[in-house]
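# next comes the sequence, and after it the predicted model I'd like to discuss.
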Number of protein chains: 2
Amino acid sequence: MTQEREIIAVNVDLSCDRNCEGCEKFFDCQAPYKLEIYLRRRMDKARSVLSNVKYKIAVAAGKGGVGKSTLSANLATALAAKGYKVTILDQDFDGPSIPRMLGIMGKKLKISDEGILPVEGFMRIQVISTGSILSDDDILTWFHDMRRNATEEFLSHVVYGERDFLIIDLPPGTSSDTVNVLQYIPKLDGTVMVTIPSEVSQGVARRAIHLFQKAGIPVLGVVENMSGVVCEECGAVNHVLGSGGGEKLANDMDIPFLGRIPMDHRLSSAMDQGVPFITQYPDSPAVQALMGIVSKVEETLLKDRSAVVS
Amino acid sequence: MTQEREIIAVNVDLSCDRNCEGCEKFFDCQAPYKLEIYLRRRMDKARSVLSNVKYKIAVAAGKGGVGKSTLSANLATALAAKGYKVTILDQDFDGPSIPRMLGIMGKKLKISDEGILPVEGFMRIQVISTGSILSDDDILTWFHDMRRNATEEFLSHVVYGERDFLIIDLPPGTSSDTVNVLQYIPKLDGTVMVTIPSEVSQGVARRAIHLFQKAGIPVLGVVENMSGVVCEECGAVNHVLGSGGGEKLANDMDIPFLGRIPMDHRLSSAMDQGVPFITQYPDSPAVQALMGIVSKVEETLLKDRSAVVS
C-alpha cells in the first residue's frame, strides 16, 4: 500500500495574473489595481444605463429547480400589480424560462441605435432574456466568454429607461455566471434567496448566502419554496420535500425569513401557459404567501432607502 | 423612432481559433486537427484509466432540481443491490450532493502514488466528488478553467479499478461543464435524461437531448421524475407539476420512455440522512418505478453490447 494524503485542492492556482474578472478571490481581493481595472472597463457603462432604475434586486438560489424563475416572474407580476414599472433581467442562460412564464414566447429582442430593447409582456413588464434570442430547438452551448459577453451586453447595452424595479433572475449556484453578474452590476439593493425545505438543499443555499455577503450585497431574506402540497382531494398538507429547512437556514445565518410558498398545480400550469397566476387565483395559499413576501421586500427596501442620505 | 433590427447573436464569434475544447461547435466540427488535438492531449489517459470499467452511463437533465443526483444515487444503489460493482462520478461542482445522499459526508478523497482514491460508501459504492474535498462552508467559486481541470483530474487521475458501472452525475443543462465531460470521456455507453412533468421543463430537456445526439451518445431514455404526489392522508395522486411531459418528450423525440417516479417524502428524508431508500421501502411506488427503470437500462446495455463485436 502506498502512502495516502488528503487532497486539499484540485489544480487550483491562486496566484494573481491580474485577470480580475475570472478570479475566484474577486470579492476578497484588496489589490488597488482590482477596482481600477474593474471600474474603468465595466461599471461606468452599466451605472449610466441603469441610472434611472430605482431598485435593483436579485433572486438567487444555491441550486437549480427550486423555483427561482417562478418566484422572479411572480414577484415582477405582484409589483406590477401594485403599479410599479418592472423589468426582469433573465440571467439563466441554460434554462431561460421567463419569456414562457410571462407569455412572450417567440417575441424577439430588437435593437435600436440606442441599444437593445426589452420585450414587453403582460402588465407592461419588460423582459431581457437569451430566451428571446434563440428558438426552442437551438442548441447553443454558452461557453464561458460568451456568457460573460452576454452578461456585459445585458448590463451595458440595453435601453432600460425609467423603472421602479429591476429584478434579476440569477443563474443557480455560486458559479462564475453568478459572480460575473455581481461584478458588473452597480449597487444591487439586495437579493432574495430561494430554497426548498429539504436538508440536502441548505448546504448550497448557505454557500450562496456567504457569496452575497462577501460581495457586500444585502440578503433581504430567505423564501422557502415548494413548502408542502395541499391535497386537491382532502386538503391535507403533504410535506414531500420535508419542512422548515428555509426558516432554519434564515435563523442559523441571522437573516430574515420571508415566508414559505406551498406547491400548487395551478401555479405550474399557469407558468406553462404564460398567464399571471397571482391575478387568476388571488385567494390561493401560494398567492397569499407570495404577496406577504412582496410586502416584506418592499418594506425593507423603502426603509433602507429612507435611512440613507444619498 | 430609429430603425429596429432583430438580434440573432450576442457577441458570439464562430471563427476557428483552434481552441477546440472551448468551442461551441465541437461536436459539429469535422476539421482534421480537432480529433488530433483532442485524442493526443486528453483521451488516451482517460481511456487507460477507465479501461476496466464495463459500462459508463451519464445521468443528465436540461435544468437543475429535477432530481438528477437523487436518481444517480438510487440507480447506483439499485445496481449495487443486484451485485454490480458501481462507482459514481459526481460532476455537479456547484451542488455536489452525492456524498450526503450516500452517507459519506465528511469523508475526504485521498491520493496515493497511483492517483486519487474514491471514497467508499454503503454497499461498497465508490464516489468521486468535489463534495469530498470542500467542507460545507467553503465558498469556492469554480471558474471555467478550474472546472475543466477538475473534470480532467477526475477522468484521468483516479484509481477506478475494475468496475461494472460508472455512473456520471452530469452538471445540469447544456453548458460548457457538460460539454467538457462529454469531450473527455471515451465511449460513453449512454445517457439517462431526467425531466419533470411541467411543460416549461421540456424545452431545456429537448436541447440537452439534441446535445447528446450531436455528441454521438445514445440516449437510453427519458425518466419523468416528481411525477405526482401520493397524499399521505387519503392516497389521492396530486399532479402538482402537471403530468405526462416526460412521456410526450420521449415520443416527440423518438426515444424510449423509461418510466415515471412519484414524489415521496420518505425519499427526500432518506436522501437527507444518507440512507439507502430502495432497501428501506422496497414496496413503495417510487422504488417500484425505479427498479423498473434500472431493469430497462440494464437490458438495453446488455443487448447493445451483445450485438456489437468489439
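Structure's in. What do you need? Residues are numbered from 1 along each chain as shown, chains lettered A, B, ... in the order given.

# quick check: residues of the stretch 201-310 of chain A near chain B?
A:203-204, A:206-207, A:210-211, A:214, A:229, A:231-234, A:236, A:238-242, A:263-265, A:268-269, A:271-272 (CB under 8 Å from any CB of the partner chain). For every residue, glycine as well, the C-beta is placed using N, CA and C.

# which among those residues end up buried?
By neighbour count, with 16 or more other CB atoms under 10 Å in any protein chain shown, these hold A:203-204, A:206-207, A:210-211, A:214, A:229, A:231, A:238-242, A:263-265, A:268-269, A:271-272 as buried.

# so which of the residues you listed are in strands?
Among these, DSSP state E puts A:229, A:238 in strands.

# how about low-confidence regions in the stretch 51-200 of chain A?
Counting by pLDDT under 70, the stretch 51-200 of chain A has low-confidence residues at A:134-143.

# now the helices for it?
Using DSSP state H, counting those that start in this stretch, the helices found in the stretch 51-200 of chain A span residues A:68-81, A:98-101, A:144-156, A:176-184, A:200-214.

# report the buried residues of stretch A:84-104.
Under the neighbour-count rule (16+ other CB under 10 Å), stretch A:84-104 has A:84-102, A:104 buried.

# and it, does that touch chain B?
Yes - using CB under 8 Å from any CB as the criterion, contacts between stretch A:84-104 and chain B involve A:93-95, A:97, A:100-101.

# roughly how far is that stretch from the heart of the chain?
Put simply, stretch A:84-104 sits 10 Å off its chain's centre (CA atoms, centre = their mean, to the nearest Å).

# now stretch A:284-302
Taking CA atoms, centre = their mean, one finds the center of stretch A:284-302 at 16 Å from the center of the full chain.

# how far away is the closest residue to chain B within the stretch 51-200 of chain A from B:Y281?
Evaluated by CB to the nearest CB, the stretch 51-200 of chain A has A:G65 as its residue closest to chain B, separated by 1.1 Å. The gap separating A:G65 from B:Y281 is 23 Å, by CB to CB, to the nearest Å.

# between those two, which one's more packed in?
Neighbours per residue, other CB atoms under 10 Å in any protein chain shown: of A:G65 and B:Y281, the larger number sits with A:G65, 24 against 16.

# leaving out the residues flanking it, which one is nearest to that one?
Closest residue in space to A:G65, ignoring its immediate chain neighbours: B:G65 at 1.1 Å, by CB to CB, 6 or more residues apart in numbering or on different chains.

# could you pull up phi and psi at that neighbour?
Main-chain dihedrals, B:G65, degrees, to the nearest 10: phi 70, psi 10.

# mind listing what it touches?
A:63-66, A:172, A:196, B:172 (CB atoms under 8 Å, 6 or more residues apart in numbering or on different chains).

# give me the buried entries from these.
Neighbour counting with 16+ other CB under 10 Å marks A:63-66, A:172, A:196, B:172 as buried within the contacts of B:G65.

# want to throw those into a markdown table with distance to A:G161?
Output for the buried ones among the contacts of B:G65, formatted as a markdown table (distance: CB to CB, whole Å):
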| residue | distance to A:G161 |
| --- | --- |
| A:K63 | 34 |
| A:G64 | 31 |
| A:G65 | 33 |
| A:V66 | 31 |
| A:P172 | 29 |
| A:I196 | 35 |
| B:P172 | 34 |
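
# quick check: the farthest pair among the residues you listed?
Across those, the two members that end up farthest from each other (CB to CB) are A:I196 and B:P172, 15.0 Å apart.

# contacts for the lengthiest strand in chain A, please.
Here the longest strand in chain A is taken by residue count, with DSSP E as the criterion, and it is strand A:53-61. With contact meaning CB under 8 Å, 6+ apart, strand A:53-61 is reached by A:50, A:67-68, A:71-72, A:75, A:87, A:160, A:162-170, A:172-173, A:178, A:181-182, A:185, A:187-195, A:205, A:208, A:212, A:217, A:220, A:297, A:301, A:305.

# what's the neighbour count on A:K108?
A count of neighbours around A:K108, defined by other CB under 10 Å, yields 14.

# ignore the last one, A:S156
Around A:S156 sit 19 other residues, with neighbours defined as other CB under 10 Å.

# now the residue nearest to it when sequence neighbours are not counted: which helix or strand?
Nearest-residue entry for A:S156: A:K45, 4.2 Å, with adjacent residues in sequence omitted and distances by CB to CB, 6+ apart. Take DSSP states H and E as the rule and A:K45 turns out to sit in helix A:44-49.
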